[in-house]
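Peer 1: No letters, just coordinates:
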């Protein structure tokens, strides 16, 4: 089971936290609901939703998502073949439910993506689409873009295509249920094979020189009327499932590059100076990155439970920067790679929750069928990078600010308490630390002798719920006289 560290916000802090989160949503200008014309168009589209002629309802698809999810973008079916494996990866047919330049489309372009706040989601689409007609719920027939990808015995893709078909998912699995069934041998073959295909795809990623940080997730959970902050390591099945999404995105990226039309998700490779600085940091932390070992392989080799490894992973974030979207319409870009994946890549697997995927799906379908790309999609490609960039910035701001406020609520009753922590980084006049419990990451004024990877003890000095600002001081050392005042945090 994954490592879980959870702390519950006490009852005295619950009301101020709820008020702070509501005020923060208002400050960011997040909408509370969809305008009625948008809701009405979504209901009409759902009621009249035509299904594709191709019929794959006899294939036992399944979904794997967090427990309780209702916006199900992907369903999978895995089968063994004489030469390796066949991956059928069905993606929600959102384009058939959204009229170009209609009310739903206009609102979706304004939103960009589903935003996740502790006190509720801000969805990309109305529920009639996002949680009903477009969602690949179990035991109902749905339209989908079905990717059919052949893998050889080592997990390398040898062929890929996508077309629309009607499907019927047999079961909605949670990650925990899927992992347990695979572990105890009760999983059906279409799920059990994920434990073979997933590791093979991870090995392929390492061969390519790709890398994934796979740091523990920090999640805000609202359960039984209380907010909690939970840090947990991902289950193996989550990483295996993510590899199927990456596989599909790489297939889409290759199709787009070959045809010279589409939109890629790119990230530049780290500079030689960035690699050199990171290598120096790993040596200083006592976990040296050996010459000749790909950095993805090195990151995969780290023991995530080791405090020094947490500091290395924090340092590695400097290598994963500059992600964006590049439009293809003719000449390929100078650098089409997503460097963390080490391949061209496109977003096509989450159209219920991310705007750009709707374009990617219809483009790839047209390319595989030998048809012209729909004019509405081609003519509006240039708008997407700015829309998605603004939406991603808003999502990051919402996530950071919400976590700040929950952390402040968790610590508000512990002023003066001394807590254990790991030093992640030392930056100019501050020290970035990760508390053991609660799972808080914060900045502390620097003090003499502290280095990344150290285990330290910190005293809580401030926790302001309305602003999300928290403060700490070292319990066993004197901060440097050059240190700045205690800050709110952060990562």
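Peer 2: Okay, I see it. In this text, all values refer to a predicted model and were calculated from it rather than measured experimentally. Numbers count the residues shown, from 1 in each chain.
Peer 1: does the nearest residue to residue 137 once chain neighbours are set aside sit in a helix, a strand or a coil?
Peer 2: Nearest non-adjacent residue to residue 137, counting by Cβ to Cβ, 6 or more residues apart in numbering: residue 72, 6.1 Å away. Where C-beta positions appear, they are placed from N, C-alpha and C, glycine not excepted. Per DSSP: H, G, I helix; E, B strand; the rest coil, the local secondary structure of residue 72 is coil.
Peer 1: What residues sit buried inside stretch 274-288?
Peer 2: By 16 or more other Cβ atoms under 10 Å, the buried positions in stretch 274-288 come out as 278, 279, 281, 282, 284, 285, 287.
Peer 1: Isn't the second one up against residue 289?
Peer 2: I take that to be residue 279. Yes. Using Cβ atoms under 8 Å, residue 279 is in contact with residue 289, at 5.1 Å.
Peer 1: wouldn't the residue nearest to residue 137 be in contact with residue 61 here?
Peer 2: No. The criterion here is Cβ under 8 Å, and residue 72 misses it with residue 61 at 10.6 Å.
Peer 1: Overlap of the contact sets of those two?
Peer 2: Counting by Cβ atoms under 8 Å, 6 or more residues apart in numbering, the common neighbours of residue 72 and residue 61 are 136, 169.
Peer 1: The longest strand seen in the chain packs against which elements?
Peer 2: Of all the segments of type strand in the chain, defined by DSSP state E, the longest one is strand 157-174. Strand 157-174 sits against strand 61-65, strand 84-92, strand 141-152, helix 236-259, helix 356-369, with contacts defined as 3 or more Cβ pairs under 8 Å, 6 or more residues apart in numbering; DSSP states H and E.
Peer 1: Output these as a markdown table; include the columns distance to residue 302, mean neighbour count and mean pLDDT.
Peer 2: Converted to a markdown table, those look like this (distance: least, Cβ to Cβ, whole Å; neighbours: other Cβ atoms under 10 Å; pLDDT from 0 to 100):
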| stretch | distance to residue 302 | mean neighbour count | mean pLDDT |
| --- | --- | --- | --- |
| strand 61-65 | 26 | 22 | 97 |
| strand 84-92 | 29 | 23 | 98 |
| strand 141-152 | 28 | 22 | 98 |
| helix 236-259 | 15 | 22 | 97 |
| helix 356-369 | 32 | 23 | 98 |
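Peer 1: Now render those as JSON lines, adding distance to residue 105.
Peer 2: Output for those, formatted as JSON lines (distance: least, Cβ to Cβ, whole Å):
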{"stretch": "strand 61-65", "distance to residue 105": "25"}
{"stretch": "strand 84-92", "distance to residue 105": "16"}
{"stretch": "strand 141-152", "distance to residue 105": "18"}
{"stretch": "helix 236-259", "distance to residue 105": "21"}
{"stretch": "helix 356-369", "distance to residue 105": "9"}
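Peer 1: Ok, which of these comes nearest residue 107?
Peer 2: Closest to residue 107 of the helices and strands packed on strand 157-174, according to Cβ to Cβ: helix 356-369, at 13.2 Å.
Peer 1: chain center to the closest one: distance?
Peer 2: 22 Å (Cα atoms, centre = their mean, to the nearest Å).
Peer 1: What of stretch 138-156?
Peer 2: So, by Cα atoms, centre = their mean, the centroid of stretch 138-156 is 21 Å from its chain's centroid.
Peer 1: same thing with stretch 429-440?
Peer 2: For stretch 429-440, the distance to the chain centre is 23 Å (Cα atoms, centre = their mean).
Peer 1: Would you mark the buried spots in the longest strand of the chain?
Peer 2: For strand 157-174, by 16+ other Cβ under 10 Å, it's 157, 160-174.
Peer 1: Next, the angle from the helix or strand just after that strand to strand 157-174.
Peer 2: For strand 157-174, the following helix or strand on the C-terminal side (DSSP states H and E) is helix 175-184. Between the axes of helix 175-184 and strand 157-174, defined by axes from the mean of the first three to the mean of the last three Cα atoms, to 10 degrees, the angle is 110 degrees.
Peer 1: just checking, what packs against helix 175-184?
Peer 2: Helix 175-184 is packed against strand 61-65, helix 189-192, helix 194-208, helix 236-259, with contacts defined by 3+ Cβ pairs under 8 Å, 6+ apart.
Peer 1: at 7 Å what do you get?
Peer 2: helix 189-192, helix 236-259 (3 or more Cβ pairs under 7 Å, 6 or more residues apart in numbering; DSSP states H and E).
Peer 1: Okay, buried residues for it please.
Peer 2: Quick answer for helix 175-184 (16+ other Cβ under 10 Å): 175, 177, 178, 179, 180, 181, 182.
Peer 1: And stretch 405-421, by the same measure?
Peer 2: Quick answer for stretch 405-421 (16+ other Cβ under 10 Å): 405, 406, 407, 408, 409, 410, 411, 412, 419, 421.
Peer 1: Residues touching stretch 173-181, excluding its own?
Peer 2: Contacting residues not belonging to stretch 173-181 are listed as 62, 63, 64, 66, 67, 187, 191, 235, 236, 237, 238 [Cβ atoms under 7 Å, 6 or more residues apart in numbering].
Peer 1: Which residue ranges of the stretch 351-491 of the chain form strands?
Peer 2: Assigned by DSSP state E, counting those that start in this stretch, the strands in the stretch 351-491 of the chain fall at 418-427, 430-435, 441-445, 455-464, 469-474.
Peer 1: For residue 44, find the nearest of the ones you listed.
Peer 2: Using Cβ to Cβ, these put strand 441-445 closest to residue 44, at 45.8 Å.
Peer 1: Find out how far that closest one is from the centre of the chain, if you would.
Peer 2: Taking Cα atoms, centre = their mean, one finds strand 441-445 lying 25 Å from the centre of the chain it belongs to.
Peer 1: same question, stretch 253-262
Peer 2: Taking Cα atoms, centre = their mean, one finds the center of stretch 253-262 at 24 Å from the center of the full chain.
Peer 1: Could you do stretch 41-49 as well?
Peer 2: 29 Å.
Peer 1: Flag every buried residue along that stretch.
Peer 2: Going by 16+ other Cβ under 10 Å, stretch 41-49 has these buried residues: 41, 42, 43, 45, 46, 49.
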